[in-house]
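**Student:** any chance you can model this:
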Amino acid sequence: MVDVVFSGLSDPGLLRSSNQDDYYIDPEGRFFMVADGMGGYAGGEEASRLATAAIKAYLNEHWHSETAMVVLLERALYQANNAILEDQRQHPERADMGTTIVVVTFRSRDSQPWCAHVGDSRLYRLRGDDLEQITEDHTWIAKAIRAGEVSPDHSRSHPWRHVLSQCLGRDDLDEIDIQPIQVQTGDRLLLCSDGLTEELTDSLIASHLTSIPACEAAAAALVSSAKQRGGRDNITVVVVNY
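**Tutor:** Modelled structure (predicted):
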């Protein structure tokens, strides 16, 4: 067993009547995930739920296999994508639904944890006072920033900042980012939907994570702070102490 302490919290926010986010925490601390659904009231909720359920089932079934984690994660996310596509075929009214996903796994045989993600739900690592975004958003605005076409400061108010370049629930899914995560004792990991990062800057996120040691209290403080600053979207966080 890997020695981790963890907690998660999801909130609909102040403006949405439903919560299209979903998250899952393995009770044994083996894997964690956050999904942010889209596609209308029923579609978004169903897409995020299908994704977390499919990934959970696949990882549970193959966890003790000899398959490398990078392969397990790729197969699990494609399994989730196929589950959403099949639901779209059976329910045409949900044909435009999709979801982002970010998954972190801790398997004792691996020297480091692994992360897989699609879309703009994020993974952060806090080491000391330094917060680092580990994942790169699959969005139009992220590509524009990397190309030097938009400044990071301008990106927070850009009208196209939420346009995804990739998500689960698409026939043309071809951008699953999978990577090992370098961690050391004392690090904290934060998985979150964009309802958090839309309201809080990285410096505010770091402030909460550095000042509140307990995972449950830190998760609650992050969600509360996002709501105090507008809470315009569903907000979901998972905090993991390594």
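
**Student:** what's the next secondary structure element after the helix or strand bottoming out on mean pLDDT in the chain?
**Tutor:** Ranking every helix and strand in the chain by mean pLDDT, DSSP states H and E puts helix 152-155 at the bottom, with a mean of 60. Using DSSP states H and E, the helix or strand that directly follows helix 152-155 along the chain is strand 177-180.

**Student:** got the CA positions of whatever helix or strand comes next after that following strand in PDB?
**Tutor:** Sequence-wise, the next helix or strand downstream of strand 177-180 (DSSP H and E) is strand 188-192. What follows is strand 188-192, C-alpha atoms only, in PDB (Å, rounded to 0.1, in the frame of the first residue of the first chain):
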ATOM      1  CA  ARG A 188       0.100  17.400  -2.100                       C
ATOM      2  CA  LEU A 189      -1.800  16.600  -5.200                       C
ATOM      3  CA  LEU A 190      -5.000  18.400  -6.300                       C
ATOM      4  CA  LEU A 191      -7.400  17.100  -8.900                       C
ATOM      5  CA  CYS A 192     -10.100  19.600  -9.900                       C
END
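
**Student:** just checking, what packs against strand 188-192?
**Tutor:** Under the contact criterion of 3 or more CB pairs under 8 Å, 6 or more residues apart in numbering; DSSP states H and E, strand 188-192 touches strand 31-38, strand 98-105, strand 122-127, helix 202-211, helix 215-228, strand 235-241. (Each C-beta comes from the backbone N, C-alpha and C, glycine too.)

**Student:** neighbouring strands - and their directions - for that strand?
**Tutor:** Using DSSP bridges, the strands paired with strand 188-192 in its sheet are strand 122-127 (antiparallel), strand 235-241 (antiparallel).
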